[in-house]
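J.: sequence and predicted structure, then a few things I'm wondering about:
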Amino acid sequence: MAIMSGDNAWQPTASLDTLRLRARVLEAMRGFFKQHGVLEVETPVLCASTTSDPNIDSLRSRVMVNGAACPVYLHTSPEFAMKRLLAAGSGSIYQICKVFRDGEAGRLHNPEFTLLEWYRCGYDHHALMDEVEALLKELLDTGPAQRCTYYEVFHRFTGVDLSHATDAALHRCAVAHGLAAATRQPADHRDLYLNFLMSHAVSPRLGHEAPVFVYDFPATQAAMARIRPGTPPVAERFELFINGIELANGYHELNNAGEQRRRFEQERSRRRFTGKPVIEADERFLAAIEHGLPDCAGVALGVDRLVMLCAGSGDIDDVLAFPVRLA
């Protein structure tokens with residue numbers, strides 16, 4: 001983005017009324033978790049490792065430690081560190097923090113943004129959806145949320161039944177919605193089509209009458225969620241949509257260290273295939289999972305997008321004091 005110039009370039013993009021609204025939202029969040037007995041924590045923004053998710057690009061820097069330059073990353077989520085706290089016996093915890101993702105800028109994105117992330121011991125993804133809905137009721141005064149499986153909403157808006165759809169059928173549907181056929185497909189091209197169709201044909205049509213939770217994703221999109229066996233097997237995760245905007249992403253958390261390491265290696269292979277930097281596995285995080293992550297569910301919620309909804313705004317710049325182009 002071009003840097004603004006002129007006499008007014010120093011001013012915030014959010015109005016002072018919106019910044020006051022943002023402060024009230026943050027205060028209400030903390031009040032909600034205090035009332036529910038969830039501990040607020042802080043974890044480092046600078047981390048020795050980062051996510052290997054091939055869809056997320058991290059910002060890298062370095063720090064001098066005892067005279068030596070050590071590479072570090074600005075965290076894309078506090079997830080790894082918070083799970084280390086959970087393994088250490090913290091109990092249910094939450095955090096409101098700045099996170100960073102390279103290349104994400106636009107109407108709904110800023111490379112630096114605010115995330116609310118929390119973990120509830122003893123919850124599965126359905127119980128956590130109940131709590132997310134309670135928080136929304138308090139902050140947005142929303143009515144009852146709708147809940148649909150991934151397979152249900154995908155079929156409703158694309159006409160494709162994923163229980164039986166071939167890769168060729170998904171390819172035809174994706175091309176019909178504007179995805180040009182690639183000459184070199186990755187091994188997981190089925191997920192390429194699913195992600196494209198979900199983001200272009202399904203997500204924008206969700207949550208216009210009431211909040212919508214989409215849950216039980218294809219097993220290939222488990223990320224860090226548990227997979228429930230069945231026909232087909234499904235990932236115990238959910239996403240929340242309001243006005244076509246994804247607001248939150250939650251999991252019934254995977255707590256098997258061997259399976260987590262295998263998934264990291266799969267992600268590293270995808271990054272290698274696409275020419276992205278290959279991220280080494282976070283061994284401290286894996287050691288914590290091996291020690292014992294309690295049965296829990298966790299969710300990350302975009303605070304800036306939530307404030308946008310509270311303010312009735314359609315652009316993230318309207319709720320930030322200074323977006324990256326004016327920082």
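T.: It's in.
J.: drop to CA atoms for contacts and neighbour counts, all remaining ones
T.: Noted.
J.: export stretch 320-327 as PDB, just CAs?
T.: The C-alpha trace of stretch 320-327 is given here as PDB (Å, rounded to 0.1, in the frame of the first residue of the first chain):
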ATOM      1  CA  LEU A 320      -7.400   0.700  14.000                       C
ATOM      2  CA  ALA A 321      -5.600   3.800  15.300                       C
ATOM      3  CA  PHE A 322      -2.800   3.400  12.700                       C
ATOM      4  CA  PRO A 323      -2.800   0.600  10.100                       C
ATOM      5  CA  VAL A 324       0.500  -0.600   8.800                       C
ATOM      6  CA  ARG A 325       0.500   1.900   5.900                       C
ATOM      7  CA  LEU A 326       0.400   4.800   8.500                       C
ATOM      8  CA  ALA A 327       2.500   3.200  11.300                       C
END
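J.: can you pull the buried residues of that stretch?
T.: 320-321, 323, 326 (16 or more other Cα atoms under 10 Å).
J.: tell me the mean pLDDT over it?
T.: Summarised as a single mean, pLDDT over stretch 320-327 is 92.
J.: also stretch 28-42?
T.: 98.
J.: can you give me the helices in the stretch 201-327 of the chain?
T.: With DSSP state H, counting those that start in this stretch as the criterion, the stretch 201-327 of the chain has helices at 257-274, 283-292, 303-311.
J.: could you dump these to CSV with mean neighbour count, mean pLDDT and distance to Met82?
T.: Compiled in CSV, the helices of the stretch 201-327 of the chain are given as follows (neighbours: other Cα atoms under 10 Å; pLDDT from 0 to 100; distance: least, Cα to Cα, whole Å):
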stretch, mean neighbour count, mean pLDDT, distance to Met82
helix 257-274, 16, 94, 16
helix 283-292, 17, 98, 9
helix 303-311, 22, 97, 18
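J.: between those, which one is nearest to Val175?
T.: helix 257-274 (21.0 Å; Cα to Cα).
J.: so which other helices or strands are in contact with the closest one?
T.: The contact analysis (3 or more Cα pairs under 8 Å, 6 or more residues apart in numbering; DSSP states H and E) places helix 257-274 against helix 283-292.
J.: what's the closest of the helices of the stretch 201-327 of the chain to Arg228?
T.: helix 257-274 (13.6 Å).
J.: dump the C-alpha coordinates for the closest one into PDB.
T.: What follows is the C-alpha trace of helix 257-274 in PDB, where atoms were taken according to Å, rounded to 0.1, in the frame of the first residue of the first chain:
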ATOM      1  CA  ALA A 257       2.500 -35.600  20.200                       C
ATOM      2  CA  GLY A 258       3.300 -38.200  17.500                       C
ATOM      3  CA  GLU A 259       0.400 -37.200  15.400                       C
ATOM      4  CA  GLN A 260       1.200 -33.500  15.900                       C
ATOM      5  CA  ARG A 261       4.800 -34.100  14.700                       C
ATOM      6  CA  ARG A 262       3.500 -36.000  11.600                       C
ATOM      7  CA  ARG A 263       1.200 -33.100  10.700                       C
ATOM      8  CA  PHE A 264       4.100 -30.600  11.100                       C
ATOM      9  CA  GLU A 265       6.100 -32.700   8.600                       C
ATOM     10  CA  GLN A 266       3.200 -32.700   6.200                       C
ATOM     11  CA  GLU A 267       3.100 -28.900   6.400                       C
ATOM     12  CA  ARG A 268       6.800 -28.700   5.900                       C
ATOM     13  CA  SER A 269       6.500 -30.800   2.700                       C
ATOM     14  CA  ARG A 270       3.800 -28.500   1.400                       C
ATOM     15  CA  ARG A 271       6.000 -25.500   2.100                       C
ATOM     16  CA  ARG A 272       8.900 -27.200   0.300                       C
ATOM     17  CA  PHE A 273       6.700 -27.900  -2.700                       C
ATOM     18  CA  THR A 274       5.600 -24.300  -3.000                       C
END
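J.: ok, and what's touching that helix?
T.: With contacts defined as Cα atoms under 8 Å, 6 or more residues apart in numbering, helix 257-274 is touched by 52-54, 186, 223-224, 254, 277-279, 281, 286-287, 289-290.
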